[in-house]
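J.: Here is my input, please return the structure:
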Amino acid sequence: MQDFARRLLVFLLIGVITAGWLRARPASPQRILASLEAIPCTAFVSNAPETLVPSGEAQMPEKQERPTGLFDLAAQEMPVPYSLRWRIGVGIPDGNPYVFDWMSPRPGWYLNWSTNSFTAPGTQAAALGMEFAPMIRLADDGLQPGLTRIYRLAQARPGMVWLVGNEPDVRWQDDATPKEYACQYYRAWHTIKLADPTAQVAIGGISQVTPLRLRYLDAVLASYADQFGKPMAVDVWNIHAFVLREQAGEWGVDLPPGFEDATDGVLWDVEDHDDLGLVEEQVRQMRSWMAERGEREKPLYITEYGILMPAEAGFPPTRVIDFMVGSFDLLDSLTDEALGFPQDENRLVQRWVWFSTRYYLYPAGDLFTTEGTPLSPLRALSGYIRAHTK
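T.: Predicted coordinates for the structure are as follows:
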């Protein structure tokens, strides 16, 4: 009887130890991904037309076909961190950087509103000489791509800066209420960090920095804390810096999802669109907002800005180039000892992305022709890097 009791006690102890070990051991990536997939994020759909410029989408040209020809680009070194070329980036709506005949020096980085870099990891990516920033999109059915694909991509290319969403505050872009965005950001952040702890995760860029858009960001942070019981972790803060109208049903960026009753949007006019003073004001507002929330010691990127208004509205190529060159001067020189990023000589902005290489809806800021050959704004961009590089 005593032997039986001793054996039973041993079995019980083994069972307790085994159960504790099972509870304490790290969950497999597959189990963690499954738990993240199971989080219910309520989807919000506005079904709003795109009306960024006064003429409206209906008067824009027909959509262009994606190019099929590729240029044989000479290899170029990757940019040195915190150099001017490292700071200047471009958006590539066509997706593939090889459909353009780039001048030298090229911009130091690019995004294409997707996670597909169009370059193979390793030699090809390095030879392009342009760092890629992958972007996860919010769609009606969740994140695009899905979490399993995000996990594999983050594993394959460690150390990247991931952008979670594109203008979630705009109804015809990623169109998310603060609650929805906070939920999807949580899923994306944990997936990326699970795959690659060295990765940096950036919040999706709001379309412009205004009191209304900052209220949207505050609501995102509050909703995240409410849903998950802890502060939202952001490695890189990210904005867009357009100058557009904030008014329901009018041209511009409308009102953010979840703020349908707002009455305090800014009413900038067409002539304000290239006002560099308003760009600087947005940067300072964002840096002040960051500092007030203990986020000063984080980088700030502008992942989209430029000229959307057509030439017919008074924005010919010469005016576009003046704005672009002036913006480079501005963004490279903005510093503030109380607000700037200490690791970057207290600069207010670390990196920025010009919109765009070529886009059929908003061609005023195009760097290339439909055939992929350089236009005068690209010559100005490359010339600026060359002239200001020691």
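J.: what residues does the particular helix or strand that has Val201 in it touch?
T.: In this assignment (DSSP states H and E), Val201 forms part of strand 200-205. Here strand 200-205 makes contact (CB atoms under 8 Å, 6 or more residues apart in numbering) with 133, 138, 160-168, 174, 181, 185, 188-189, 192-193, 217, 220, 233-240, 301-304. No exception for glycine: its C-beta is placed from N, CA and C like everyone else's.
J.: likewise stretch 154-165?
T.: Applying CB under 8 Å, 6+ apart, the external contacts of stretch 154-165 come out as 111, 117, 121, 132-138, 174, 176, 181, 184-185, 188-189, 191-192, 195-196, 198-205, 235-236, 238, 301, 303.
J.: make it 7 Å
T.: Stretch 154-165 is contacted from outside by 111, 121, 133-138, 174, 181, 185, 188-189, 192, 195-196, 198-204, 236, 238, 303, using CB atoms under 7 Å, 6 or more residues apart in numbering.
J.: Span of that stretch from start to end?
T.: Stretch 154-165 has an end-to-end distance of 16 Å (CA to CA, to the nearest Å).
J.: Same question for stretch 68-85.
T.: Stretch 68-85: ends 28 Å apart by CA to CA.
J.: Would you mind writing the PyMOL command to select the buried ones in the contacts of strand 200-205?
T.: Applied in PyMOL, the following selects the buried portion of the contacts of strand 200-205 according to 16 or more other CB atoms under 10 Å:
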select buried, resi 133+138+160+161+162+163+164+165+166+167+168+174+181+185+188+189+192+193+217+220+234+235+236+237+238+239+240+301+302+303+304
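J.: In helices only, show me the contacts of strand 200-205.
T.: Applying DSSP state H to these, the entries found in helices are 181, 185, 188-189, 192-193, 217, 220.
J.: tell me the two of those residues that are most distant?
T.: Largest separation among those by CB to CB: Lys193 and Leu217, giving 21.3 Å.
J.: ok so, going back, restricted to strands, list the contacts of strand 200-205.
T.: Counting by DSSP state E, the part of the contacts of strand 200-205 found in strands is 138, 161-166, 237-240, 301-304.
J.: ok, of those, which one's closest to Tyr384?
T.: Looking across those and measuring by CB to CB, the closest to Tyr384 is Ile302, at 16.4 Å.
J.: Quick check: chain neighbours aside, which residue is closest to that closest one?
T.: Leaving aside its chain neighbours, Ile302 sits nearest to Trp352 (4.1 Å; criterion: CB to CB, 6 or more residues apart in numbering).
J.: tally of neighbours for that neighbour?
T.: If you count neighbours by other CB atoms under 10 Å, Trp352 ends up with 27.
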